[in-house]
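Enquirer: any chance you can model this:
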Amino acid sequence: MPKDIKLNFLNSDEEERYQKHFTLKEIGYEGQLNLKNSSVLCIGAGGLGSSVLLYLAAAGIGRIGIVDNDKVEKSNLQRQIIHETNTIGNLKIDSARERIKKFNPNCEVLTFSERINPKNALELIKKFDVICDCSDNFGTRYLINDSCLILNKPLVFGSVQGFEGQVSVFNLCKNSPNLRDLFPESPSNNAVPSCAEYGVVGVSTGLIGILQVNEIIKIILKKGEILDGKILIFDLLNMNMKKLHLKGDQLNKRIKNLIRFEEFYDSNENCEDNNEIKRINANDFNSLYKSKPNKILLIDVRENEEFSNSAIEGSISIPLSHLNNESDLKYIQKESLIKEVFTICQSGKRSVKASKILSKFKIQSRSIEGGIEMVKEILSD
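Expert: Residues are numbered from 1 along each chain as shown. All right, here's what the predicted structure looks like:
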């Protein structure tokens, strides 16, 4: 079904399949048509994504998109119920697509075997009406959130750890809050579970995923009280539930591009590798910068636009995406013979990646913690 074509009828299979929806005054025949003519992108086909995808298909969502690049493992099956033992080793998107098509052949399923990133996020998300975040790290969550803000797409948020789970709806209306109102700054690596998978009871992902679909259905039908500006928190171990209110700040909506916040999106990746990189805090770098500026090669790895807007005097601009260029590497290698090499970005995360790249070419460097904001603050004192 092409994206711009809206169907005004249900086939005979659908009329029989959705009988229980027709008897609900909140849905009925017209509501079921709205569900059929809607599209939802599910980012992640793991624990949350499994129940989300199955219940999206059961509800009769016409177009379902799945973004995931992982393969099914045996340890997934404790909670990722869309997959089966005989699909271990297969891509999750393939396993999920086949299960959906068997479950409800009326659904169109689009799969994307890739990790969502700043280069593909907008292109993926703009094709769908509602976005469902079933990811498992803060970096990806910020990326999804910011992409939805730019494209003005409603985002259904779900999160699970252990026996606890949270559900909310972001960016539904003009004044709706978003993830940055809940977490203005990305939690540090020490404030969240490590890169290794943390424990979770399977039923918690099932419950939270079902609640995410419930919000999606209400958004499409424009019915009921939607969790816009509210966070629903479940504690399944003690069977407690509470609803908190979240207020939106217009400052957190002024996001025009994804590059500016790239360090947020990468904050939970390569945690163990980052420990291998030499670092220097802003105070110590400031002392070196003032005492022997001619002996320092300061490489700013932000994008050219960011460098043009604000930069440290004497630094050179080599964006992280260009750091593998042969000419740039030769220049850095030559300068490193007589100068100490430092990498810097907005807050210190891209510079870690830059130093890691340089180390592969036998170039020693140090990443400046806190990034340009911290350095400029100290230099201005």
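
Enquirer: ok, for residue 333, nearest residue in space, not its chain neighbours?
Expert: Once flanking residues are discounted, residue 333 sits nearest to residue 363: 5.9 Å by Cβ to Cβ, 6 or more residues apart in numbering. Where C-beta positions appear, they are placed from N, C-alpha and C, glycine not excepted.

Enquirer: give me the three-state assignment for that neighbour.
Expert: coil (DSSP: H, G, I helix; E, B strand; the rest coil).

Enquirer: check residue 342 too.
Expert: What three-state DSSP gives for residue 342 is strand.

Enquirer: equivalent analysis for residue 118, please.
Expert: Relying on three-state DSSP, one would call residue 118 coil.

Enquirer: now the nearest residue to residue 80 once chain neighbours are set aside: how far from residue 25?
Expert: Spatially, and ignoring its direct neighbours in sequence, residue 80 is nearest to residue 50 (4.6 Å; Cβ to Cβ, 6+ apart). From residue 50 across to residue 25, the span is 31 Å (Cβ to Cβ, to the nearest Å).

Enquirer: cool, residue 285 as well?
Expert: Plainly put, residue 285 is 66 Å away from residue 25 if you go by Cβ to Cβ.

Enquirer: more neighbours: which of the two?
Expert: residue 285 (24 against 8; other Cβ atoms under 10 Å).

Enquirer: hmm, residue 375 and that one touching each other?
Expert: Yes - counting by Cβ atoms under 8 Å, residue 285 touches residue 375, with 6.3 Å between them.

Enquirer: anything in contact with each of these two?
Expert: Jointly contacting residue 285 and residue 375 under the rule Cβ atoms under 8 Å, 6 or more residues apart in numbering are residue 368.

Enquirer: so the residue nearest to residue 80 makes contact with residue 209?
Expert: Yes - Residue 50 is within contact range of residue 209, at 6.7 Å (criterion: Cβ under 8 Å).

Enquirer: higher neighbour count, these two?
Expert: For the pair residue 50 and residue 209, the greater number of neighbours falls to residue 209 (31 against 28), based on other Cβ under 10 Å.

Enquirer: from the chain's centre, how far out does the strand or helix carrying that one sit?
Expert: Using DSSP states H and E, residue 209 sits within helix 202-221. Remark: helix 202-221 is offset 18 Å from the chain centroid, using Cα atoms, centre = their mean, to the nearest Å.

Enquirer: helices and strands around it, which ones?
Expert: Using 3 or more Cβ pairs under 8 Å, 6 or more residues apart in numbering; DSSP states H and E, the elements in contact with helix 202-221 are helix 28-36, helix 47-59, strand 130-133, strand 155-161, strand 164-170, strand 230-235.

Enquirer: which one of those lies closest to residue 87?
Expert: Shortest distance between residue 87 and the helices and strands packed on helix 202-221, using Cβ to Cβ, is found for helix 47-59: 11.9 Å.

Enquirer: what's the mean pLDDT across that closest one?
Expert: Helix 47-59 comes out with an average pLDDT of 97.

Enquirer: ok, and for stretch 216-226, which residues are buried?
Expert: Buried positions in stretch 216-226, judged by neighbour count with 16 or more other Cβ atoms under 10 Å: 216-221, 226.

Enquirer: what is the nearest of those to residue 129?
Expert: Comparing the buried residues of stretch 216-226 against residue 129 with Cβ to Cβ places residue 220 closest, at 7.2 Å.

Enquirer: what's near enough to touch that closest one?
Expert: Residue 220 neighbours (Cβ under 8 Å, 6+ apart): 34-35, 38, 61, 129-130.

Enquirer: what about the strands in the stretch 251-381 of the chain?
Expert: Assigned by DSSP state E, counting those that start in this stretch, the stretch 251-381 of the chain shows strands spanning 279-280, 296-300, 316-317, 340-344, 366-368.

Enquirer: closest to residue 6 out of the ones you listed?
Expert: strand 316-317 (48.2 Å).

Enquirer: that closest one: partners in the sheet, and parallel or antiparallel?
Expert: Strand 316-317 has these partner strands in its sheet, going by DSSP bridges: strand 296-300 (parallel).

Enquirer: hang on, the earlier thing: adding distance to residue 114, write the helices and strands packed on helix 202-221 out as a markdown table.
Expert: Shown next, in a markdown table, are those (distance: least, Cβ to Cβ, whole Å):
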| stretch | distance to residue 114 |
| --- | --- |
| helix 28-36 | 27 |
| helix 47-59 | 15 |
| strand 130-133 | 16 |
| strand 155-161 | 19 |
| strand 164-170 | 23 |
| strand 230-235 | 30 |
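
Enquirer: which among the ones you listed is found nearest to residue 101?
Expert: helix 47-59 (8.8 Å).

Enquirer: enumerate the positions of that closest one that are buried.
Expert: 47-57, 59.

Enquirer: other SSEs contacting it?
Expert: So helix 47-59, by 3+ Cβ pairs under 8 Å, 6+ apart, packs with strand 39-43, strand 63-67, helix 92-103, strand 155-161, helix 202-221.
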